[in-house]
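J.: show me how the following folds:
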Amino acid sequence: MRIQIYIIALLLSAIMWSISFDAARESYHAAQSAGLMPNLHINKRLDRVL
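T.: Presented below is the predicted three-dimensional model:
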């Protein structure tokens, strides 16, 4: 019985981690597309070219 509780807790933890990671990734991309957050990779490439 105790091992089932640990397995359920582990699965719930993995699900919650994946949901929060996905939400953070989507909000980051939304902020970048809205121009609120600069894309650092583009800035580095422009610095190299210029």
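
J.: quick one: the strands in the chain?
T.: Remark: strands of the chain are absent; assignment by DSSP state E.

J.: poorly predicted segments of it, please.
T.: Within the chain, the stretches falling below the threshold (pLDDT under 70) are 39-40, 43, 46, 50.

J.: report the longest helix in it, please.
T.: Using DSSP state H to assign secondary structure, the helix with the most residues in the chain is helix 2-33.

J.: report the distance from that one to the chain centre.
T.: How far helix 2-33 lies from its chain's middle: 9 Å, per CA atoms, centre = their mean, to the nearest Å.

J.: give me the buried positions along that helix.
T.: Neighbour-count burial for helix 2-33 flags no residue at all (criterion: 16 or more other CB atoms under 10 Å). For glycine as for every other residue, the C-beta is placed from the backbone atoms N, C-alpha and C.

J.: other SSEs contacting it?
T.: Applying 3 or more CB pairs under 8 Å, 6 or more residues apart in numbering; DSSP states H and E, one finds that helix 2-33 makes contact with no other helix or strand.

J.: now stretch 30-40, how far from the centre of its chain.
T.: Distance, stretch centre to chain centre, for stretch 30-40: 14 Å (CA atoms, centre = their mean).

J.: contacts for it next, please.
T.: Contacting residues not belonging to stretch 30-40 are listed as residue 28 [CB atoms under 8 Å, 6 or more residues apart in numbering].

J.: apply 10 Å and report the result again.
T.: Applying CB atoms under 10 Å, 6 or more residues apart in numbering, the external contacts of stretch 30-40 come out as 27, 28, 29, 42, 45.

J.: now for the last one, how many residues are close by?
T.: Other residues within reach of residue 45 by the criterion other CB atoms under 10 Å amount to 11.

J.: and the gap between it and residue 33?
T.: The gap separating residue 45 from residue 33 is 18 Å, by CB to CB, to the nearest Å.

J.: then the fourth one?
T.: Using CB to CB, we find residue 42 at a distance of 13 Å from residue 33.

J.: try residue 44
T.: Distance from residue 44 to residue 33, counting by CB to CB: 19 Å.
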